[in-house]
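[1] Let's see this in three dimensions:
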Amino acid sequence: MSASGPKRETTGAAEPSVQELLKTLVAFDTTSAKSNLKLIEFVRAYLDGHCIASTLIPSEDGTKASLFATISPSGKGGIGLSGHSDCVPVEGQNWASDPFTLTARDGKLYGRGACDMKGFLACVLASVPLFMSRQLKEPVHIIVSYDEEVGCTGVRPLIARLGHDLPRPRAIIVGEPTNMRVIEAHKRVDAYRTTVTGREAHSSLPQLGVNAISFAAEMIEEIDRIGATLSAETNDRFDPPSSTVQVGTIEGGTAPNIVPKTCRFQWQVRGLPEADPDFLPKRLEAYAEQRLLPRMRRVAPAASIETLRRGSVPAFLAKPGSEAVALAMALTGANSTSTVSYGTEAGLFEEAGCPTVICGPGDIAQAHAADEFVPTAQLDSCMAFLAKLAETLSA
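    Below you'll find the predicted structure:
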């Protein structure tokens, strides 16, 4: 069951504030490599305390889950409020305070995920009593996903069930940090891993080996050259206005005195919605086949260069006249929309036939950084946004 039941009986206890809820959410270390089940159980218990049943959609190994819950009335349509529960690692970052203890300083709330995007989830949970107190004309759906930070993988099984055993919202608001601006488009993200395999040899006889790191370096130089050509196709609504590419990690070799046999590097393309996602990998494959592999295989016939797509996040582009965008503009009072260059789950919802918009508290510039924070004023703005949604949906 995923519809609300009778309102819970009051016990005189005060409802937790948005800051108290955010403190609890931040205390759960939901780094993508770890389980999010404790956070999900907290959300489920909180909703159950308001007589709102939840449906869990577990991962294949059972270590994680997404959550879908509906605040009455039952029936089709409704507005989905969607956020991810996972966050990025803190290792290697210099924090001024414990990243998993919410800390208030100068009107800002510091903690891993406070901005991206537990702040929005805290606002949604803090708004539950208000939604429950209203006679809603249509339902409000609460969606909490996992593994957004590693390719938006966790929300996909949930989306596949919309319109089947889960209600399909008529519009979805993804609460990523936008400073409460209305976002109607973002770039596509494609992640790749390239493995260069050469031949080991003693470093005193390099002519007998094929140095995988050196050939990987040539591949990376070509990626940068191709990336420079991407600036020819621009869309001034985005910052930067063209598709971009960067190499994020590289590893290879065994020891300084051994010609390295293998080298791997990971890279990402952030493509404009209208760009061809296969342009860069095809150009890179042609370069490897024509310029590098013949030289490598003259020494080591088994040498290879293999590029695998590790994951994709589709571009998001709201359809003209989108009711989700119109709703967000009405709730914020905005008279224009914007775009962002980072990826979200919005494109997946839009592809599934759910009109979607992105609007949430905080600034993406604070996300993933040390001393990540969300201003309390942004939480206040989000709470006002959700209060106006409750008013809009009330009979």
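
[2] how is the chain carved up into domains?
    Domain assignment for the chain by automatic domain parsing gives 18-185+315-393, 189-313.

[3] so can I have JSON lines of those showing mean pLDDT and mean neighbour count?
    No exception for glycine: its C-beta is placed from N, CA and C like everyone else's. Output for those, formatted as JSON lines (pLDDT from 0 to 100; neighbours: other C-beta atoms under 10 Å):
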{"stretch": "domain 18-185+315-393", "mean pLDDT": "97", "mean neighbour count": "20"}
{"stretch": "domain 189-313", "mean pLDDT": "97", "mean neighbour count": "16"}
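
[4] Double-check that Ser74 belongs to a helix.
    No - read with DSSP: H, G, I helix; E, B strand; the rest coil, Ser74 is coil and lies in no helix.

[5] Check which helices and strands the one helix or strand Arg298 maps to is in contact with.
    For Arg298, the element it lies in under DSSP states H and E is helix 293-299. Applying 3 or more C-beta pairs under 8 Å, 6 or more residues apart in numbering; DSSP states H and E, we find helix 293-299 packed against strand 304-313.

[6] elements contacting the helix or strand just after the strand it packs on?
    Using DSSP H and E, the helix or strand that follows strand 304-313 towards the C-terminus is strand 316-317. On a contact count with 3+ C-beta pairs under 8 Å, 6+ apart, strand 316-317 meets strand 183-186, helix 346-351.

[7] CA atoms only for the longest one, dumped as PDB, please.
    Backbone C-alpha positions of helix 346-351 (Å, rounded to 0.1, in the frame of the first residue of the first chain) are rendered in PDB as follows:
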ATOM      1  CA  ALA A 346      15.400  14.500 -14.300                       C
ATOM      2  CA  GLY A 347      16.200  13.200 -17.700                       C
ATOM      3  CA  LEU A 348      15.200   9.600 -16.700                       C
ATOM      4  CA  PHE A 349      11.800  10.800 -15.400                       C
ATOM      5  CA  GLU A 350      11.200  12.800 -18.500                       C
ATOM      6  CA  GLU A 351      12.100   9.900 -20.800                       C
END
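
[8] Return the distance of it from the chain's centre.
    12 Å (C-alpha atoms, centre = their mean, to the nearest Å).

[9] quick one: contacts of that helix?
    80, 82, 152, 155-156, 159, 172, 174, 176, 183, 186, 188, 313-319, 356-358 (C-beta atoms under 8 Å, 6 or more residues apart in numbering).

[10] Out of the helices and strands packed on strand 316-317, flag the one nearest Ser66.
    Smallest distance to Ser66 across these (C-beta to C-beta): 12.3 Å, for helix 346-351.

[11] quick one, phi/psi of Asp363?
    Backbone torsions for Asp363, taken as degrees, to the nearest 10, come to phi -120, psi 130.

[12] mind listing the helices for the stretch 1-150 of the chain?
    In the stretch 1-150 of the chain, the helices defined using DSSP state H, counting those that start in this stretch lie at 18-27, 37-48, 119-126, 128-133.

[13] of all those helices, which lies closest to Val245?
    helix 119-126 (29.7 Å).

[14] Which strands or helices does the closest one pack on?
    Using 3+ C-beta pairs under 8 Å, 6+ apart, helix 119-126 sits against helix 18-27, helix 37-48, strand 79-84, helix 376-393.

[15] redo that, cut-off 7 Å
    Packing partners of helix 119-126 (3 or more C-beta pairs under 7 Å, 6 or more residues apart in numbering; DSSP states H and E): helix 18-27, strand 79-84, helix 376-393.

[16] Quick check: beta-bridge partners of the closest residue to Leu393 other than its chain neighbours?
    Excluding its sequence neighbours, the residue lying closest to Leu393 (C-beta to C-beta, 6 or more residues apart in numbering) is Leu136, at 4.9 Å. With DSSP bridges as the criterion, Leu136 is bridged to Ser394.
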